[in-house]
Every structure is written in structure tokens, then in C-alpha cells.
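Participant: okay, predicted coordinates and the sequence, questions at the end:
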Amino acid sequence: TSQKIELLFASPLLRTKQTARIIGRQLDLLVSFSPSLKDYRRSKSHEGLNSSQYTNLPDYLLWKERAVIDESFSLSDGESNSGFNERVTEFASFLDKSFDHKKIAIITHEGVVLQLIRYWIDKPIDREKVNNANIYKVIPETKKLELL
């Protein structure tokens, strides 16, 4: 079977858009941007900040305390862990139903990649095994994951 990528999906956030457009030009593919591939949004007030800038904010401390015991907890301007997982899982299911057996590349964020891998290999995976800027090959039929 050919390993040529047939479809390219990406998060519409700036850094992934830039990367996806470069890859799309190299592969001569159009990029489909999907809001379902956006990074987890804990709080709008944390956007654009690095972790050292928001980890002492009162709303972050509240989120950190509550979200670990309640997957449905969210800050007023953010999303819950369960909402995030559902959003990403629905996208993965859409790909399965719409593009079965197609070679698909996805340019997205660490948390989204982690949830997509969990969906396709159907077992837990540690966050430490998934890093930004890595390239993974997922083979859903065999539930295999390879770091390329």
C-alpha cells in the first residue's frame, strides 16, 4: 500500500496553520482547518501566556483543584476536560466514518494528539509519551502507534 498522504487536516490556530500550509505546499494538498482540532482551552485569560505566567493566577488554581476531581468542571470562559475529550473524539469518529482507509496527516496540539491516539489505539497512554513537534503514525486497524 502507498504511504502517500491523501488528506491534510489542521487546527486553525496560528502556529498550526503556518506549519500546515508549509506541509500542504510540499505535498500539493489543500489543508482542511477544523475548530475541532483547536488546543484545550482552560480559560481565555490564559491564552498567549506561558505556564509560568498563569500558574499562580486565582482562576488557574481553582481549575487545578476542581478539574482533577470533576471532568465536567470548567472555568466560565473555558472548556471542561470532558467537553474537550468529546470534541476531539467526535472529530476522530468523523474521520473514521468519512475517510476510512485514507492516509491522513493532522497538524494540531499536544493535548489533541494525545486524545486522538487514545481514541485510535483504544487504550490509555501517558501524557509523557506525547510531545510537541513529534510525528506519530497511528494504525487504527492494528491499534499500533509508532513515533516517526
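Facilitator: Sure, I can see it.

Participant: isn't L37 up against T108?
Facilitator: Yes - counting by Cβ atoms under 8 Å, L37 does reach T108; the two are 4.3 Å apart. For the C-beta atoms, the positions are set from N, CA and C on the backbone; glycine is no exception.

Participant: now for the two: what residues contact both?
Facilitator: Residues touching both L37 and T108 (Cβ atoms under 8 Å, 6 or more residues apart in numbering): 9-11, 16.

Participant: and which of these is nearest to E79?
Facilitator: S11 (14.4 Å; Cβ to Cβ).

Participant: and for that closest one, nearest residue in space, chain neighbours not counted?
Facilitator: In this structure, S11 finds its nearest non-sequential neighbour in L37, 4.0 Å apart by Cβ to Cβ, 6 or more residues apart in numbering.

Participant: now N81
Facilitator: E71 (4.7 Å).

Participant: tally of neighbours for the one you found?
Facilitator: 13 (other Cβ atoms under 10 Å).

Participant: quick thing: my sequence starts at 42, can you match it?
Facilitator: Got it, the first residue is 42 from now on, which makes the last one we talked about E112.

Participant: pretty sure it sits in a strand.
Facilitator: No - counting by DSSP: H, G, I helix; E, B strand; the rest coil, E112 is not found in a strand; it is coil.

Participant: that one against E120, yeah?
Facilitator: No - counting by Cβ under 8 Å, E120 is not a contact partner of E112; they are 11.3 Å apart.

Participant: that'll do, ta.
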